[in-house]
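Novice: Predicted model and sequence follow; I will ask about them next.
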Amino acid sequence: MTFAGQFAISLVAAVVGSAALLGSAYIFFLAWMGAHTTSAAATDADAGEPQTRFLLFVPAHNEEDGISPTLLSLEQLAYPVALYRVIVIADNCTDRTAEVVTKAGHECWVRTNTNERGKGQALQWAIAQACDLAFDAIVVLDADTEAHPALLAQLDRELAAGALAAQVRYDFSADANSQISGSATIGKIAENNFFWRPRHRLGLAVFIQGNGFCLSRKALALVPWSAGSVVEDIEYSLHLAMHQVRVAYVERASVVARTATSHSAATPQRLRWASGTIQIIFRYLPRILKEAARQHSWYLAECAFALLFLSRMLLGYLSLITLALSCFTTHWTLALRLAALGAVIFQLLYLSLVLRASAGHTHIRRGLLGLPFYLGWLVLTQGLALLGIRRNVWTRTVR
């Protein structure tokens, strides 16, 4: 290989290795901070007279068998009944979802548009339908989710304190007999404790997560809902960030969703998420960086960093690429390998925090034992997503 070729490879390896090392150190710093802080507890001083009028949207596609627990949890919210309205969006359903909802005494809006399928499109339609209704904010919950009784009370407090948008803690309910369910729950614990919690504490960008998020009417006026990708939550979060609308992360209340219990059921969902995220990164990363430069905004610049490392596994890939490239050049070989080694050390430290946080949850022990297989499955699905397998295909997740 020519000197120029080796130098070019070395330069690429240096960029990739620097990203791996700095990114891994940063993610570990966030995790360390998350491990040494706890969610703020509600106090009597926080209590006030509820003021916010909420519309609770529950998008549902063929959920006749699983939506009843969700509706029951919404009936048990500790919030004045006169101040919230539950609306199920029966979106392109071919089962008895609408009938089950109305028989349970809840309002159901039926949407039929097979040319525009997906949660993002359903929400855009529902928000447009609701424009003449009296409300101060909307809350979106999935149809397989149970809400904490204090959900609306805590969101009311955030909005009263000046928040325009909020995301409550979003957890998974693990199936003790399912390895993939337990492993997914471990991943969700790590995401909540070691990514969103410290980001909120540091005043960094927090993304809505598709389930358990709240948008004030003012936020919707500033940033109309137009997210129609298969990862509509990430897409709209970036719209909010570019308009300097910050999302509060609320741990005092939570939503808990059921997880897929088999690889065959979970793979289409994971492929959709991974494929959609890859597309969003390529589509929005240049825009965010350009907007950060135009606004002279470190907040947006860091938001781009968060988008890039939404999947912390990318750091592992970057480390392996650095090591591989270092084998094809004689320039900076030791430095490149040390950078890759340092990145891996930070990643292992991060994993140790994840394992420590998960060890106390007896219901996910099977997930801990199967974690290596789960990570391998993630690598496979992300690889398939990168190749464009099932790109832009929205399907209901079987649970």
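Specialist: Alright, I've got the coordinates. Remember, it's a predicted structure, so these values are computed and weren't measured experimentally.
Novice: Quick check: residue 321 vs residue 381, distance?
Specialist: According to Cβ to Cβ, to the nearest Å, residue 321 stands 19 Å off from residue 381. Using the backbone N, CA and C atoms, a C-beta is placed for each residue, glycine as well.
Novice: More neighbours: the two, which one.
Specialist: residue 381 (23 against 17; other Cβ atoms under 10 Å).
Novice: so what's the more buried one up against?
Specialist: Neighbouring residues of residue 381 by Cβ atoms under 8 Å, 6 or more residues apart in numbering: 267, 270, 271, 274.
Novice: Skipping its backbone neighbours, what lies nearest it in space?
Specialist: residue 270 (4.6 Å; Cβ to Cβ, 6 or more residues apart in numbering).
Novice: Restricting to C-alpha, output the strand or helix carrying residue 73 in PDB.
Specialist: Element membership of residue 73, judged by DSSP states H and E, is helix 68-75. Below are the C-alpha coordinates for helix 68-75, written out as PDB (Å, rounded to 0.1, in the frame of the first residue of the first chain):
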ATOM      1  CA  SER A  68     -58.600  -3.200  28.900                       C
ATOM      2  CA  PRO A  69     -55.800  -3.000  31.600                       C
ATOM      3  CA  THR A  70     -54.700   0.300  30.000                       C
ATOM      4  CA  LEU A  71     -58.200   1.700  30.200                       C
ATOM      5  CA  LEU A  72     -58.600   0.500  33.800                       C
ATOM      6  CA  SER A  73     -55.400   2.200  34.800                       C
ATOM      7  CA  LEU A  74     -56.600   5.500  33.300                       C
ATOM      8  CA  GLU A  75     -59.800   5.200  35.300                       C
END
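Novice: Can you work out which other helices and strands pack against that helix?
Specialist: strand 54-60, strand 84-91, strand 145-147 (3 or more Cβ pairs under 8 Å, 6 or more residues apart in numbering; DSSP states H and E).
Novice: try 6 Å this time
Specialist: strand 145-147 (3 or more Cβ pairs under 6 Å, 6 or more residues apart in numbering; DSSP states H and E).
Novice: For the strand it packs on, which outside residues touch it?
Specialist: 69, 70, 73, 211, 255, 256, 257 (Cβ atoms under 6 Å, 6 or more residues apart in numbering).
Novice: of the residues you listed, closest to residue 126?
Specialist: Nearest to residue 126 among these: residue 211, at 15.4 Å, using Cβ to Cβ.
Novice: The closest one against residue 170, yeah?
Specialist: Yes - checked against Cβ atoms under 6 Å, the pair residue 211 and residue 170 is within contact range at 5.3 Å.
Novice: Helix or strand next in line after the lowest-mean-pLDDT helix or strand in the chain, which one?
Specialist: Ranked by mean pLDDT, DSSP states H and E, the weakest helix or strand in the chain is helix 365-369, scoring a mean of 71. Moving toward the C-terminus from helix 365-369, the next helix or strand (DSSP H and E) is helix 371-386.
Novice: mind listing what's buried in that next one?
Specialist: For helix 371-386, the neighbour count (16 or more other Cβ atoms under 10 Å) marks 371, 374, 377, 378, 381, 382, 384, 385 as buried.
Novice: Report how many residues lie close to residue 262.
Specialist: Residues near residue 262, counting by other Cβ under 10 Å: 14.
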